[in-house]
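> Got a sequence here, can you model it:
(one chain, ligands or ions: 1)
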Amino acid sequence: MDGKEKRVKLKLKNISKSFYARKEIFEAVNQISMDVYENEFLVILGPGQCGKSVLLNMISGLEEPTAGEIKFPNKDEKKVGFVFQKTAVFPWKTVMQNVEFSQELKGVNKAERRKQAQYLIGLVGLKGFEDSYPRQLSGGMKQRVGIARAYCSNPDILLMDEPFGALDAQTRYQMEEEVLRIWEKEKRTVIFVTNNIEEAVYLGDRIILLSECPASVKEIYPLKGLQRPRDYVDTEFLKMRETIEKNMDLAL
Ligand SMILES: Nc1ncnc2c1ncn2[C@@H]1O[C@H](COP(=O)(O)OP(=O)(O)OP(=O)(O)O)[C@@H](O)[C@H]1O
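Residues are numbered from 1 along each chain as shown. As a prediction, this is how the structure comes out:
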C-alpha cells in the first residue's frame, strides 16, 4: 500500500478488556492501540487463547472495552461483517437463502437481493450450489458460504476469526488463495485473525503480532516487500516467517 494513500478506517486507542470470573479479575486485552487502513488486509497474529477473539468482538461491538476507545473516523463506515471458524450457516436454509439472509432481514426486495447473492455465490466459486443445504457441502464450501454471506451484508470492515482453522491443510491453502482472490476483486478492509504464522505471512499487507494473554501489541510487520502471489518456499517468505517465529510468545 502506498503510504500517501492510507486512510484510517478504524482506530483503537489503548483498548483493554477484563472479565470478572470466579470472583477474580481476568485481563484478556491490555492497552492495544492500532490504526487499520482502508482496504488493507490486516492480519492479527497471536498464540492460542491470547485474546484475539475478544479483540475482534470489541471491534464488532459484541463486547465493550473496559478501557480505551474504538473510533471509526468516518461515522458512516462502521458496519462490520463476521466470518467465524465454525461459520454459523443455518442448516435449514439453502446456500442462496443463507447468503441473502442479511438483505432479507433489511427488507431488500427479493429480485435485488437475489441478484447480489447470485453474484457473490459466483464470486466464491459456488455457482450451481445455490439450492444445496449446508449438510451437502464440505467444510471449505461452508466457509465460502460464510464469506459470501458476510460480503452480502455490504460491510465496511470484514472481520475473519480463524476462518480456516478447522480445515485440513490442503483445503486451507486453497481457501487462503481464494480469500485473496475475492479481496482483490471486492476490495474491503479485512481484519483476519490467526495463530498460524505461515497463513499470516501469506495473506497480510501487515501483521500485528500479539503477545500471550493479556494480549498487547508485540510487533508490527509491514509485508510490502513480499510481492503477491506469495510462495511459501520463497527465501524472503521463509525469512519473514522465521523472524516472526522467533518473536512469538508460545510454540504453536
Ligand atoms: N466472556 C468471558 N469471560 C471470561 N473470560 C473470557 C471471556 N471471553 C474470553 N475469555 C478469556 O479470555 C482469554 C482470551 O480468549 P480469546 O477467545 O480471545 O482467545 P483467542 O486468542 O481468540 O484464542 P484461540 O486462538 O484459541 O481462538 C481466554 O483465556 C478466555 O478464556
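> Show the contacting residues for the closest residue to the ligand within the stretch 101-250 of the chain.
Taking CB to the nearest ligand atom, the ligand has its nearest neighbour within the stretch 101-250 of the chain at Asn195, 4.8 Å off. For the C-beta atoms, the positions are set from N, CA and C on the backbone; glycine is no exception. Taking CB atoms under 8 Å, 6 or more residues apart in numbering as the criterion, Asn195 is in contact with Leu45, Gly46, Pro47, Gly48, Lys52, Glu162, Gly165, Leu252.
> Buried residues, stretch 82-102. List them.
Across stretch 82-102, burial judged by 16 or more other CB atoms under 10 Å covers 82-85, 87, 89, 93-102.
> centre of the chain versus it, how much separation?
16 Å (CA atoms, centre = their mean, to the nearest Å).
> first to last residue in it, what's the distance?
End-to-end distance for stretch 82-102, by CA to CA, to the nearest Å: 12 Å.
> Equivalent analysis for stretch 48-57, please.
16 Å.
> pretty sure Glu69 belongs to a helix, no?
No: read with DSSP: H, G, I helix; E, B strand; the rest coil, Glu69 is strand and lies in no helix.
> Strands along the stretch 1-150 of the chain, start to end?
Using DSSP state E, counting those that start in this stretch, the strands of the stretch 1-150 of the chain run over 8-21, 24-37, 41-45, 67-71, 80-83.
> ok, now how distant is the residue lying closest to Tyr133 once chain neighbours are set aside from Phe237?
Among residues not flanking Tyr133 along the chain, Thr94 sits closest, at 5.9 Å (CB to CB, 6 or more residues apart in numbering). Using CB to CB, to the nearest Å, Thr94 is found at 39 Å from Phe237.
> cool, Ile121 as well?
Ile121 is 32 Å from Phe237, by CB to CB.
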